[in-house]
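J.: curious how this folds, go ahead:
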Amino acid sequence: MSTVPNELSNTADNQANTSWGLGRRLLVTIPIFIVLLGILVTVSNLTSVPWKREPTGQSVSTLSPNTGVTFDNPQGVPLAHRDSFKVSSRTVTLDVRRPATGEVQHVHVLLRAPKDPVGTNVRHPGVVFMHGAGYGTAENSFGDAAADLSSAGFVTAVMDKPVWSTNDITRDYPASAKAYDQVVRYLRTQRNVDADKVGLYATSESTWISPYVIKYDKRIAFQLLLSPMVYGPRQSLGFFVGQDFSLVGANNGYQSIVRRLFHADTEMMGLHNLDFPVDLREAYAVPTMVVYGSKDVLTAQVEGLEHILYSAHRAGNRNVTVRSYAVANHVLRLGDEAENGTPFADDYINDVISWAVGTVAGLKQSSEPVAGTTIRQSIAVPVELKADRSLTVYGTIVNVGMVVLLAAALLMALIGCAMKGWRLVRRNHNKVFGFMRGFGSELLAVAVTTLATFVLFAAGLGQVIMAVVRLGWGGAPTEDPGMMYWSWPVIQVVSTLVVWAWARILARCIEVAQVRGLAQFPPRKGAISDVVSGREPVFASKRFGRVFFWLVAAAMFSVLLFFAFWGLFIF
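T.: So this is what the prediction gives:
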């Protein structure tokens, strides 16, 4: 008689031990959630990098709003102006060699020259044009500026951009300087060129190269610099990307991506340009005209100008003229430079011609050295940016690891679906995955939510990048940033919910482990081997399903680590 109550009691105890109540599950889930979230928050904070944005709103007041350039001319030296000459043109081909590899590029050089009266032997000053970013050619670059300068008495040379086998991130700047100087030297050999009066017209990216041309060639007579970058590539690019992310209305969280990106140690990847030295003593040792546009969203104008003036004075050069034009963009155009026929700003070309003509004539400038609209800069140049090897190694592991795991999980999912389809065709009802206890549905929910969050992150970042590109091409930022702003906090919230879902899954694992006798010391005899062998499976009855579960779990957690690395868990 006494055995019946004992049997009932044992059965009740067994049933009590087979599942937890809601309260117990919650008590286990909460600390797991705190630990997981703490790990991700710690990763986000440990991988964060400093970024000094102060002072903001810097400006330099010009001495006159009039951008015109004039010279004292007591001797009445005749000065040419635009359309003083008709212009002829011809194209030659030069072989420029890249010293590092021996590669040779056959470049076309489009020469434009003023037409002189028959029988005269006039020697004109010369200008060699230097390309900005991209892949400009002799035919599609600087056409209006070169023609106008030639009509004012200059022999101009526009060459195909020397690129060899490089791309935008592997440019060989010293070799490019040698190539441009080769064209300078070729220009000097022409019978209608004054060899001592050949200068440079450099814009944007090429202002990292022009200092080396001046260093290599002590006969450079002058330089015209459009939107000079001044600081090294890491600092210059970090400045304009950080500034433009703000201008387009992107959430401040996206700035964390910029900070981490520009602390990358690209040397370990074989990319050397990010820390290419540009602060050469010779950089501004020749007469220099610096030109800015008020709508230029790429250039640090205030600090750049201060550095140019300091460097020029250090090199003994006091002949620096600065002009700033309202409404003009990075290449001094009034609008989108990607569109054909976009005009230059105001009197930009006339001012450049006046300065170049007066400078090569050796006259003393009578107009103000700094003129035009007020020069402004929104944030400070991040001069503290530097390569961080440990951050780069960790970031590479996290990002590459996520891609590999996602690819492997996708491949295994496709294989599983193919197996399922094949079995349906064969009317084989054996399960492929065999998920148990609801783990399959929970895994699916977490995977879909995590991947949807990743897609939202990619879409938000993509929209920011497209907005920055449009801004750089001369477009205006949209009034409503939309996804660029709200996507970041939404991703943070959803990512936190995903962490909670993982905490629930882990709590379920602990629950099953306790029932199986694994969550005790020592574990129940044979409990571990039963789980490993699949005799008493936890997640799935099929080995394929168990492997798939852990692979997907690892892939989804790697996405959370990816988010943590890029700062999404800094609340």
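
J.: contact partners for residue 274?
T.: Residue 274 sits next to 232-234, 237, 262, 264, 266, 387 when contact means Cβ atoms under 8 Å, 6 or more residues apart in numbering. C-betas here are computed from N, CA, C, even on glycine.

J.: what about the closest residue to residue 145 other than its chain neighbours, how many residues nearby?
T.: Nearest residue to residue 145, sequence neighbours excluded (Cβ to Cβ, 6 or more residues apart in numbering): residue 349, at 6.5 Å. Residue 349: 19 surrounding residues under other Cβ atoms under 10 Å.

J.: which strands and helices sit next to the strand or helix carrying residue 349?
T.: Using DSSP states H and E, residue 349 falls within helix 348-360. Applying 3 or more Cβ pairs under 8 Å, 6 or more residues apart in numbering; DSSP states H and E, we find helix 348-360 packed against strand 124-130, helix 143-151, strand 193-203, strand 223-226, strand 288-293, strand 320-325.

J.: and the residue nearest to residue 145, what does it touch?
T.: 82, 144-145, 148.

J.: and residue 246, by the same measure?
T.: Contacts for residue 246 (Cβ under 8 Å, 6+ apart) come out as 252, 255, 378-379.

J.: before we move on, what about residue 222?
T.: The neighbours of residue 222, taking Cβ under 8 Å, 6+ apart as the test, are 199-200, 286-289, 356, 359-360.

J.: let's have those in TSV, adding neighbour count, pLDDT and distance to residue 399.
T.: Output for the contacts of residue 222, formatted as TSV (neighbours: other Cβ atoms under 10 Å; pLDDT from 0 to 100; distance: Cβ to Cβ, whole Å):
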residue	neighbour count	pLDDT	distance to residue 399
199	24	98	45
200	27	98	40
286	21	97	45
287	24	98	48
288	27	98	42
289	23	98	44
356	26	97	49
359	24	97	51
360	22	96	53
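
J.: which among these gets closest to residue 121?
T.: Proximity of the contacts of residue 222 to residue 121, judged by Cβ to Cβ, is greatest for residue 360, which lies at 18.1 Å.

J.: low-confidence stretches in the protein?
T.: Scanning the chain with the threshold set as pLDDT under 70 gives 1-19, 335-341, 474, 515-538.

J.: ok, 50 please
T.: Per-residue confidence for the chain (pLDDT under 50) gives these ranges: 1-17.

J.: okay, helices next: where are they in it?
T.: Residue ranges of the helices in the chain, as given by DSSP state H, are 3-18, 22-46, 143-151, 173-188, 210-216, 233-247, 255-261, 301-314, 348-360, 389-425, 439-472, 483-515, 527-533, 543-565.

J.: between those, which one is nearest to residue 328?
T.: Among those, the nearest to residue 328 by Cβ to Cβ is helix 348-360 (7.0 Å).

J.: gap between that closest one and the chain center?
T.: Centre-to-centre, helix 348-360 and its host chain are 35 Å apart (Cα atoms, centre = their mean, to the nearest Å).

J.: just the buried residues from the contacts of residue 349, in PyMOL please.
T.: The PyMOL selection below is limited to those of these classed as buried (16 or more other Cβ atoms under 10 Å):
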select buried, resi 82+145+148
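
J.: residue 479: which of the contacts of residue 349 is nearest?
T.: residue 144 (33.0 Å).

J.: spit out the contact partners of the closest one.
T.: By Cβ under 8 Å, 6+ apart, residue 144 lies in contact with 344, 349.

J.: to residue 157, which of the helices and strands packed on helix 348-360 lies closest?
T.: Smallest distance to residue 157 across those (Cβ to Cβ): 4.9 Å, for strand 124-130.

J.: partner strands of that closest one and their direction?
T.: Using DSSP bridges, the strands paired with strand 124-130 are strand 155-159 (parallel), strand 193-203 (parallel).

J.: these into TSV, with extra columns for distance to residue 24?
T.: As requested, those are exported to TSV (distance: least, Cβ to Cβ, whole Å):
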stretch	distance to residue 24
strand 155-159	76
strand 193-203	69
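
J.: need the winner for burial among the ones you listed.
T.: Most buried of the strands paired with strand 124-130 by mean neighbour count (mean count of other Cβ atoms under 10 Å) is strand 155-159; its value is a mean of 27.

J.: what is the orientation angle of that one with helix 143-151?
T.: With axes from the mean of the first three to the mean of the last three Cα atoms, to 10 degrees as the basis, strand 155-159 and helix 143-151 are set at 150 degrees to each other.

J.: okay, the angle between strand 155-159 and helix 173-188?
T.: Strand 155-159 runs at 140 degrees relative to helix 173-188, counting by the same axes, to 10 degrees.

J.: got the CA positions of strand 155-159 in PDB?
T.: Backbone C-alpha positions of strand 155-159 (Å, rounded to 0.1, in the frame of the first residue of the first chain) are rendered in PDB as follows:
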ATOM      1  CA  VAL A 155      50.700  76.600 -74.000                       C
ATOM      2  CA  THR A 156      48.700  74.000 -72.100                       C
ATOM      3  CA  ALA A 157      49.100  70.300 -71.800                       C
ATOM      4  CA  VAL A 158      46.400  67.900 -70.600                       C
ATOM      5  CA  MET A 159      47.500  64.200 -70.400                       C
END
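
J.: and that strand, how far from the chain's centre?
T.: 31 Å.

J.: hmm, who's touching that strand?
T.: By Cβ under 8 Å, 6+ apart, strand 155-159 touches 94, 107-114, 124-129, 138, 141-143, 146-147, 149-150, 179-180, 183, 186-187, 190, 192-193.

J.: looking at the helices and strands packed on helix 348-360, which is closest to residue 300?
T.: Nearest to residue 300 among the helices and strands packed on helix 348-360 is strand 288-293 (10.4 Å), distances taken as Cβ to Cβ.

J.: mind giving me the ChimeraX select for the contacts of strand 155-159, buried ones only?
T.: Filtering the contacts of strand 155-159 down to the buried ones (16+ other Cβ under 10 Å) takes a single ChimeraX command:
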select :94,107,109,110,111,112,113,114,124,125,126,127,128,129,138,141,142,146,147,149,150,179,180,183,186,187,190,192,193
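
J.: export the contacts of residue 222 to a markdown table and tack on distance to residue 272?
T.: Formatted as a markdown table, the contacts of residue 222 follow (distance: Cβ to Cβ, whole Å):
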| residue | distance to residue 272 |
| --- | --- |
| 199 | 29 |
| 200 | 24 |
| 286 | 27 |
| 287 | 31 |
| 288 | 27 |
| 289 | 31 |
| 356 | 34 |
| 359 | 35 |
| 360 | 36 |
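
J.: fine by me, we can end here.
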